[in-house]
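Visitor: sequence first, predicted coordinates after that:
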Amino acid sequence: MKVSMTLKALAIVLAAGSFGFAGSASAYDDDDNAAGVAVGIIGQVIGSAIEAEAANEAAAEQDRRCRRFARRCADGEGWACEKQDAECGD
């Protein structure tokens, strides 16, 4: 899976920012769980962003497949018409 540079930059900024948050929050927490909470939140944000990008890539791939089926169907290839009907649903 290809992760965009913008997503990588966001991950770096969030990770760098979490250190300051964890340090200041731990002053109020005797158990020092704030660092774990901050890392968990950052992990969820990054994981969600990666999942969203993967979903966008999958949708783009499906769109390319459907356009290819449509072209081949228009060229008279019956199997492509069947695939287009089954997978593209228009």
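Guide: Sure, I can see it.
Visitor: please make it C-alpha for all contacts and neighbour counts, starting now.
Guide: Noted.
Visitor: how about the helices in the chain?
Guide: Under the criterion DSSP state H, helices of the chain are mapped to 5-26, 34-74, 78-88.
Visitor: can I get those helices in a markdown table with mean pLDDT?
Guide: Below are those laid out as a markdown table (pLDDT from 0 to 100):
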| stretch | mean pLDDT |
| --- | --- |
| helix 5-26 | 57 |
| helix 34-74 | 90 |
| helix 78-88 | 93 |
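Visitor: let me have the ones you listed in TSV, extended by mean neighbour count.
Guide: Formatted as TSV, those follow (neighbours: other CA atoms under 10 Å):
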stretch	mean neighbour count
helix 5-26	14
helix 34-74	15
helix 78-88	15
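Visitor: pretty sure Lys83 is touching Phe69, no?
Guide: Yes. Counting by CA atoms under 8 Å, Phe69 is a contact partner of Lys83 at 6.8 Å.
Visitor: other residues contacting stretch 63-83?
Guide: By CA atoms under 8 Å, 6 or more residues apart in numbering, the residues outside stretch 63-83 that reach it are 84, 87-88.
Visitor: possible to save these as TSV with distance to Gly78?
Guide: TSV is the format used below for the contacts of stretch 63-83 (distance: CA to CA, whole Å):
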residue	distance to Gly78
Gln84	10
Glu87	14
Cys88	15
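Visitor: and the gap between Arg71 and Gln62?
Guide: Look at Arg71 and Gln62: by CA to CA, to the nearest Å, they are 14 Å apart.
Visitor: same deal with Gly36?
Guide: 39 Å.
Visitor: and what of Trp79?
Guide: The separation that Trp79 has from Gln62, given CA to CA, amounts to 17 Å.
Visitor: same check, this time on Asn56
Guide: Counting by CA to CA, the gap from Asn56 to Gln62 is 10 Å.
Visitor: how about Asn33?
Guide: 43 Å.
Visitor: Glu53 too?
Guide: For Glu53, the distance to Gln62 - CA to CA - is 14 Å.
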